[in-house]
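1. Starting from these lines, generate the structure:
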Amino acid sequence: MARFSSFVILSILSALAQAEAPTNPVEYSQDWEGDEFEVLSGWLAYIDAFDLDCTTYRGYGYAYTIGAGQVAEIADGVDSKVLNVFSNYDDGNQPDLCLKTSVYREVTVAADNVGDYTFNFIAEPPELVGSNTNGFVKVLDPAEGYSAIGYESVETTAGGEITVSFTVDESMVGKLLQFGFDTLAAGYDNSGMQYDNLVFGAASNSGGSDNGGNAEAASTTFNLLLETIDANRRGTAIDKE
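-> Predicted coordinates for the structure are as follows:
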């Protein structure tokens, strides 16, 4: 389980209004210590292509299968297994483009999922670290060309313990909630960032906009998920009682 002697703690608060605690929160935790196929199950990837300025959209994007040898792999970190996220160097139009590679989990929002959430993880820079890497939470509307109707992102390039806070509101019911990581890199530039000890869950509803999304302000469910890290039981069922 990766730890740092000093943590870089970053927090982004959702611009959306504070919501009630979700009745049935979306929950996920992972430390990558199990079978590679098992721990990557349910993870998706999508690549957006730009000109080498990394700004002008090339007009195409495509889904990529996790486990196909690119964009995400289980690697050896400082003292534990980590998820290494990096660019799709196999794209046939390389090296004459810039790629935004997103690796994430996706859930269709239900009415009882509405509420405040916290996405907490550790970023551990690899040797070939990218210069534009991020953790994010977003909600996309498939009926509107998968446009983002909610988006929060935190840079991960400095490494350390990082938190993203996000509010799912009633307008997002039936839309796609995604949380994960992205990296933007031109050509064959370095693009990697390693992630460990992920916890996504309901945040406290008692702190308003001051909650900051850190573990201390998180909900009981969130802290139970955190406890599974310390017990080396990430990915197992949690007894909320």
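2. list the contacts for the most centrally placed residue in the chain?
-> Nearest to the geometric centre of the chain sits residue 180, at 1.8 Å (Cα atoms, centre = their mean). Contact analysis of residue 180 by Cβ atoms under 8 Å, 6 or more residues apart in numbering lists 43, 102, 103, 104, 105, 135, 136. Just so you know, the C-beta spots here come from the backbone N, C-alpha and C atoms, and that holds for glycine as well.
3. Next one: the nearest residue to residue 50 once chain neighbours are set aside from residue 67, what distance?
-> Closest residue to residue 50 apart from its sequence neighbours, by Cβ to Cβ, 6 or more residues apart in numbering: residue 98 at 4.3 Å. Distance of residue 98 to residue 67, computed by Cβ to Cβ, to the nearest Å: 24 Å.
4. try residue 199
-> The gap separating residue 199 from residue 67 is 23 Å, by Cβ to Cβ.
5. okay, the two: which has more neighbours?
-> Between residue 199 and residue 67, residue 199 has the larger neighbour count (other Cβ atoms under 10 Å), namely 26 against 16.
6. CA-only coordinates of the helix or strand containing the more buried one, as CSV, when you get a sec.
-> Using DSSP states H and E, residue 199 sits within strand 193-202. What follows is strand 193-202, C-alpha atoms only, in CSV (Å, rounded to 0.1, in the frame of the first residue of the first chain):
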residue,chain,number,x,y,z
MET,A,193,1.1,8.6,-13.7
GLN,A,194,0.6,5.9,-11.2
TYR,A,195,-2.5,5.7,-8.8
ASP,A,196,-3.1,3.7,-5.7
ASN,A,197,-5.7,3.3,-2.8
LEU,A,198,-8.7,4.6,-4.6
VAL,A,199,-11.9,5.3,-2.6
PHE,A,200,-15.0,6.8,-4.2
GLY,A,201,-18.0,7.3,-1.9
ALA,A,202,-20.5,9.6,-0.2
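7. hang on, the earlier thing: closest one of the contacts of residue 180 to residue 75?
-> When the contacts of residue 180 are ranked by distance to residue 75 (Cβ to Cβ), residue 103 comes first, at 13.3 Å.
8. how about the strands of this structure, start to end?
-> Assigned by DSSP state E, the strands in the chain fall at 28-30, 44-50, 57-64, 72-76, 81-85, 98-108, 115-124, 133-141, 147-155, 160-168, 176-186, 193-202.
9. In the chain, where is pLDDT below threshold?
-> Within the chain, the stretches with pLDDT under 70 are 1-20, 204-241.
10. Would you mind measuring from residue 186 to residue 55?
-> Counting by Cβ to Cβ - residue 186 and residue 55 are separated by 11 Å.
11. Of the two, which one has the most company?
-> residue 186 (20 against 9).
12. Please name the residues that touch the residue lying closest to the more buried one once chain neighbours are set aside.
-> In space, not counting the residues next to it along the chain, residue 186 is nearest to residue 98; the distance is 4.1 Å by Cβ to Cβ, 6+ apart. Contacts for residue 98 (Cβ under 8 Å, 6+ apart) come out as 49, 50, 51, 52, 53, 54, 184, 185, 186, 187.
13. ok, back up a step: which one of the strands of the chain lies closest to residue 36?
-> Evaluated over the strands of the chain, closeness to residue 36 peaks at strand 72-76, with 4.8 Å, by Cβ to Cβ.
14. Alright, that wraps it up for me.
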